[in-house]
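K.L.:
Attaching a predicted model along with its sequence, questions to come.
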Amino acid sequence: MPGLAPAAVQVLAVHRGRLWVVCPRRVLVWDRAVGVVAEHTVDPGEPLVDVAVYQDRAYLLTETRLLRRPAW
């Protein structure tokens, strides 16, 4: 992805056919046909380690906490 340093990427995940790129303070959602379709900025107080989406919730993982929020 243009403008995204590889060192900034924490983890990659796939949800509903889209690639989720998890960075310390944001989550980018990428679609093969369109490119970046969403960018979600988050501030959990410490860098994100991973994100998972299940039903109507997003789970944000940091080194010390697992947070739950409404899905995007």
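P.N.:
Received the coordinates, thanks.

K.L.:
and the closest residue to Arg26 other than its chain neighbours, how many neighbours?
P.N.:
Beyond its immediate neighbours in the sequence, the residue positioned closest to Arg26 (CB to CB, 6 or more residues apart in numbering) is Thr41, lying 4.9 Å away. (Each C-beta comes from the backbone N, C-alpha and C, glycine too.) Other residues near Thr41 number 8, with proximity taken as other CB atoms under 10 Å.

K.L.:
Next: the one 3 residues further on.
P.N.:
As a burial measure, the neighbour count of Pro44 was computed by other CB under 10 Å and equals 17.

K.L.:
you'd agree it is up against Leu61?
P.N.:
No. Under the criterion of CB atoms under 8 Å, Pro44 makes no contact with Leu61, lying 9.0 Å away.

K.L.:
Need the residues touching each of those two.
P.N.:
Taking CB atoms under 8 Å, 6 or more residues apart in numbering as the criterion, Pro44 and Leu61 both touch Leu67.

K.L.:
Pull the contacting residues for the residue nearest to Val51 when sequence neighbours are not counted.
P.N.:
With sequence-adjacent residues excluded and distances taken as CB to CB, 6+ apart, Val51 is closest to Val22, at 5.0 Å. Residues counted as contacts of Val22 (CB under 8 Å, 6+ apart) are Val9, Gln10, Val11, Leu12, Ala13, Leu48, Val49, Asp50, Val51.

K.L.:
any idea how far the closest residue in space to Ala52 that isn't next to it in sequence is from Arg32?
P.N.:
In space, not counting the residues next to it along the chain, Ala52 is nearest to Tyr59; the distance is 4.6 Å by CB to CB, 6+ apart. Between Tyr59 and Arg32 the distance is 24 Å, computed by CB to CB, to the nearest Å.

K.L.:
Those two: which has the busier surroundings?
P.N.:
Shown here are Tyr59 and Arg32; by other CB under 10 Å, Tyr59 has more neighbours (14 against 8).

K.L.:
quick one: that one and Val51 touch, right?
P.N.:
Yes. In this structure Tyr59 lies within contact range of Val51 using CB under 8 Å: 6.8 Å.

K.L.:
Good, we can wrap up now.
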